[in-house]
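# Coordinates for the following, if possible.
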Amino acid sequence: MRRNVWITAVSSLALTLVAGCAATSGGCPPLVAYSKAQQARAAQELRALSTDSQLGRMIVDYDKTRDACRVSQGR
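Take a look at the predicted model:
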């Protein structure tokens, strides 16, 4: 189960970043809107990771990047 969560999260993160970079010539990629249900499930899966999880750290970094993009896009 934990392996599936890890694979899903890494795959989703990688695809999002690659798609965002490919869609823009620079700056912040377009932000994907996630439903409340998706956010709740992602939070549940993140809590299931170990406290020293590298994936967890990467997700926190991705959240900071999204926050910076929102600011730069005036959201």
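
# C-alpha only now, for contacts and for neighbours.
Noted.

# And stretch 64-75, what's buried?
66, 69 (16 or more other CA atoms under 10 Å).

# in this protein, what secondary structure element scores lowest on mean pLDDT?
helix 2-23 (a mean of 63; mean pLDDT, DSSP states H and E).

# Check which helix or strand the closest residue to residue 66 other than its chain neighbours maps to.
Nearest residue to residue 66 in three dimensions, chain neighbours excluded: residue 31, at 7.1 Å (CA to CA, 6 or more residues apart in numbering). Assessed by DSSP states H and E, residue 31 sits outside every helix and strand.

# So for residue 31, what pLDDT did the model give?
On pLDDT, residue 31 comes in at 86.

# What average pLDDT does the next helix or strand along the chain from the least confident helix or strand of the chain get?
Using DSSP H and E, the helix or strand that follows helix 2-23 in sequence is helix 36-48. The pLDDT scores in helix 36-48 average 93.

# Also stretch 61-75?
84.

# neighbouring contacts of that stretch?
For stretch 61-75, contacts defined as CA atoms under 8 Å, 6 or more residues apart in numbering pick out 28, 29, 31.

# want to throw the residues you listed into CSV with neighbour count and distance to residue 4?
Below are the contacts of stretch 61-75 laid out as CSV (neighbours: other CA atoms under 10 Å; distance: CA to CA, whole Å):
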residue, neighbour count, distance to residue 4
28, 17, 29
29, 18, 27
31, 13, 25
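
# Give the burial count for residue 56, as a bare number.
Applying other CA atoms under 10 Å, we find 19 other residues in the vicinity of residue 56.

# what's it in contact with, if anything?
46, 49.

# could you check the angle helix 36-48 makes with whatever helix or strand it lives in?
Residue 56 belongs to helix 54-72 when elements are defined using DSSP H and E. Here helix 54-72 points in a direction 140 degrees away from that of helix 36-48 (axes from the mean of the first three to the mean of the last three CA atoms, to 10 degrees).

# Tabulate the CA atom coordinates of helix 54-72 in PDB.
Coordinates of each C-alpha in helix 54-72 appear next as PDB, following Å, rounded to 0.1, in the frame of the first residue of the first chain:
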ATOM      1  CA  GLN A  54      11.800  12.600   1.100                       C
ATOM      2  CA  LEU A  55       8.600  12.600  -0.900                       C
ATOM      3  CA  GLY A  56       6.900  14.500   1.900                       C
ATOM      4  CA  ARG A  57       9.600  17.100   1.700                       C
ATOM      5  CA  MET A  58       9.200  17.400  -2.100                       C
ATOM      6  CA  ILE A  59       5.500  17.900  -1.700                       C
ATOM      7  CA  VAL A  60       6.100  20.700   0.800                       C
ATOM      8  CA  ASP A  61       8.500  22.300  -1.700                       C
ATOM      9  CA  TYR A  62       5.900  22.000  -4.400                       C
ATOM     10  CA  ASP A  63       3.400  23.700  -2.200                       C
ATOM     11  CA  LYS A  64       5.800  26.600  -1.700                       C
ATOM     12  CA  THR A  65       6.300  26.900  -5.500                       C
ATOM     13  CA  ARG A  66       2.500  27.000  -6.000                       C
ATOM     14  CA  ASP A  67       2.200  29.700  -3.400                       C
ATOM     15  CA  ALA A  68       4.900  31.800  -5.200                       C
ATOM     16  CA  CYS A  69       3.200  31.300  -8.500                       C
ATOM     17  CA  ARG A  70      -0.100  32.500  -7.100                       C
ATOM     18  CA  VAL A  71       1.600  35.600  -5.800                       C
ATOM     19  CA  SER A  72       3.400  36.300  -9.100                       C
END
